[in-house]
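Visitor: how does the following fold in three dimensions:
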Amino acid sequence: MIPPLIQSDDPVALFGGGEASMADVEAVQALARHFVAADGGAALTVQAGVALDAVIGDFDSVSADVLAHIPLERQHHIAEQDSTDFDKALRHISAPIVLAVGFLGGRVDHQLGCLSVLARYPERACILLGQDEIVMLCPPRLDLPTLPGDVVSLVPLAPVQGTSIGLRWPIDGLQFDPIERIGTSNEAEGPVSLTMKQPTMILIAPRRCLKPVTQALVQALPDARWPARAARCITPPQS
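Guide: All right, here's what the predicted structure looks like:
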């Protein structure tokens, strides 16, 4: 395995080139200690005055003017075209949680690609920040500080089973499947606790859960985190 470019015991913020606001940037700045851009996401960080630890990607969507603001030793070019910039960046970050801004909204194919990447690297916990929601791969167990009436959606990428406490429609005993059964628009009756048997369930929860979920994942014990999948061939960055 290639050593990570960014290694941290604290949350890392990752910026993409999709839809994002200054409020999104401020939300993750309040929680993260290190900041990384995936290719064109560097433009957002330059606009916001965020000092980057790294920009990672194939550099096909970041301008020379933007790169001029980033020290050369922090620019990590990965030329291969078989993966997205989100994939290239996430697989080179080792942290208890990555907070990703600018990866939801905009093109649907990009959003679907991000969900695939979340499942490809289950050991690299990552929260995608949307306008009103957070999106993540549900860990083996997680407590959500939801309120009565909050929407909690569960979208399987592959067959998966789990349990729940606090959902209006419990999921215990259900076999989720992306074709046969999904779990959109469930409803919290208060705080919700979830467990999952496989790392293939996408969880969508209210945006105000960002901070407590981030803190929970930073403090999570090893058995509350997914292990890495089988080793893959990873192209080393060309700085």
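Visitor: which residues touch stretch 155-166?
Guide: Residues outside stretch 155-166 that contact it (C-beta atoms under 8 Å, 6 or more residues apart in numbering) are 115-116, 119, 138, 144, 146, 154, 170-178, 181-184, 188-198, 200-202, 204. C-betas here are computed from N, CA, C, even on glycine.
Visitor: can you tell me the closest non-neighbouring residue to the residue nearest the centre of the chain?
Guide: Central residue of the chain (C-alpha atoms, centre = their mean): residue 126, 2.9 Å from the mean position. Of all residues not flanking residue 126 in the chain, residue 98 sits nearest, at 4.2 Å (C-beta to C-beta, 6 or more residues apart in numbering).
Visitor: other SSEs contacting the lengthiest helix in the chain?
Guide: Ranked by number of residues, the top helix in the chain under DSSP state H is helix 108-120. Judged by 3 or more C-beta pairs under 8 Å, 6 or more residues apart in numbering; DSSP states H and E, the packing partners of helix 108-120 are helix 85-90, strand 126-129, strand 133-137.
Visitor: dump those to TSV, plus mean pLDDT and distance to residue 31.
Guide: Below are the helices and strands packed on helix 108-120 laid out as TSV (pLDDT from 0 to 100; distance: least, C-beta to C-beta, whole Å):
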stretch	mean pLDDT	distance to residue 31
helix 85-90	95	17
strand 126-129	98	10
strand 133-137	98	12
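Visitor: any chance of JSON lines for the ones you listed, columns distance to residue 163?
Guide: Shown next, in JSON lines, are the helices and strands packed on helix 108-120 (distance: least, C-beta to C-beta, whole Å):
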{"stretch": "helix 85-90", "distance to residue 163": "28"}
{"stretch": "strand 126-129", "distance to residue 163": "22"}
{"stretch": "strand 133-137", "distance to residue 163": "17"}
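Visitor: dump the longest helix of the chain to CSV, keeping only the CA atoms.
Guide: Below are the C-alpha coordinates for helix 108-120, written out as CSV (Å, rounded to 0.1, in the frame of the first residue of the first chain):
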residue,chain,number,x,y,z
VAL,A,108,-25.9,13.2,-10.6
ASP,A,109,-23.2,11.0,-12.0
HIS,A,110,-20.6,12.7,-9.9
GLN,A,111,-22.8,12.2,-6.8
LEU,A,112,-23.4,8.5,-7.5
GLY,A,113,-19.6,8.1,-8.1
CYS,A,114,-18.9,9.5,-4.7
LEU,A,115,-21.3,6.9,-3.1
SER,A,116,-19.4,4.2,-4.8
VAL,A,117,-16.1,5.5,-3.5
LEU,A,118,-17.5,5.5,0.1
ALA,A,119,-18.2,1.8,-0.2
ARG,A,120,-14.8,1.1,-1.9
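Visitor: the residue nearest to the centre of the chain touches residue 138, doesn't it?
Guide: No. Between residue 126 and residue 138 there is no contact under C-beta atoms under 8 Å: 12.0 Å.
Visitor: that older thread, who is the residue nearest to residue 126 paired with across the strands?
Guide: Listed by DSSP bridges, the beta-bridge partners for residue 98 are residue 12, residue 126.
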